[in-house]
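Student: Curious how this folds, go ahead:
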Amino acid sequence: MKRIDRLVPWLVGAFVLSALIAGMYLTAQNIERSGADDAGQRLASQVASSQDPAGDVPRVDLAKSLAPFFVVYDAAGNPTSGSGYLDGELASVPKGVITTAVAQGSDRVSWQPRVGLRFAVIAIADGDRVVLAGQSLKPSEDRIARLGLLLLLGWAGSIVVLAVGAAIHFRAARDFG
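Tutor: Presented below is the predicted three-dimensional model:
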């Protein structure tokens, strides 16, 4: 048997292992990001069903807080009330988010108003207004980064084990075969 033929199972094993780990990471990342929409969905629904959504609501400074927030937009897409503030003003998402929510009933996006601030937001059309609610993606992104590091370390360790196994296999084949 040629040496390259003996290497094929080890290479296939490394490929399969890499594909499995990449699949686990992508699955976990997708679940984590989808879950980040939950608080926004609940809050947007609650605010949409309220007559006075902005009545006595504490401000959420989006640059500092991880708390869920909401902003109500008028038909023209201008923020009118809410709890989400950025730089002292009601947060204002790109107009496309509001127009999509009006046209389709809702819109879900990851919004990055500036570097270092990312939010999972959902906009729900409610009559002549749009209610947008969301929360910071920082906790989710931190968990995804930790998971990625753990999977990378596991993958590297597994590749080392496969490489050592292959080396032992080839050494044994040379010595005894």
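Student: Just the strands from this protein, written as ranges.
Tutor: Along the chain, the segments classed as strands by DSSP state E run 60-61, 69-73, 79-82, 84-86, 89-90, 106-114, 117-126, 129-136.
Student: So what are the sheet partners of the last one and their directions?
Tutor: Under the criterion DSSP bridges, strand 129-136 sits next to strand 69-73 (antiparallel), strand 117-126 (antiparallel) in its sheet.
Student: To Ala44, which of those lies closest?
Tutor: Of all the strands paired with strand 129-136, it is strand 117-126 that lies closest to Ala44, at 4.7 Å by C-beta to C-beta. To be clear about C-beta, it is placed using only N, CA and C from the backbone, and glycine gets the same treatment.
Student: who are the neighbours of the longest helix seen in the chain, in terms of helices and strands?
Tutor: Under DSSP state H, the helix in the chain containing the largest number of residues is helix 138-176. Applying 3 or more C-beta pairs under 8 Å, 6 or more residues apart in numbering; DSSP states H and E, one finds that helix 138-176 makes contact with helix 3-35, strand 117-126.
Student: distance between the helix or strand of the chain with the lowest mean pLDDT and the chain's centre?
Tutor: Ranked by mean pLDDT, DSSP states H and E, the weakest helix or strand in the chain is helix 37-48, scoring a mean of 77. Remark: helix 37-48 is offset 17 Å from the chain centroid, using C-alpha atoms, centre = their mean, to the nearest Å.
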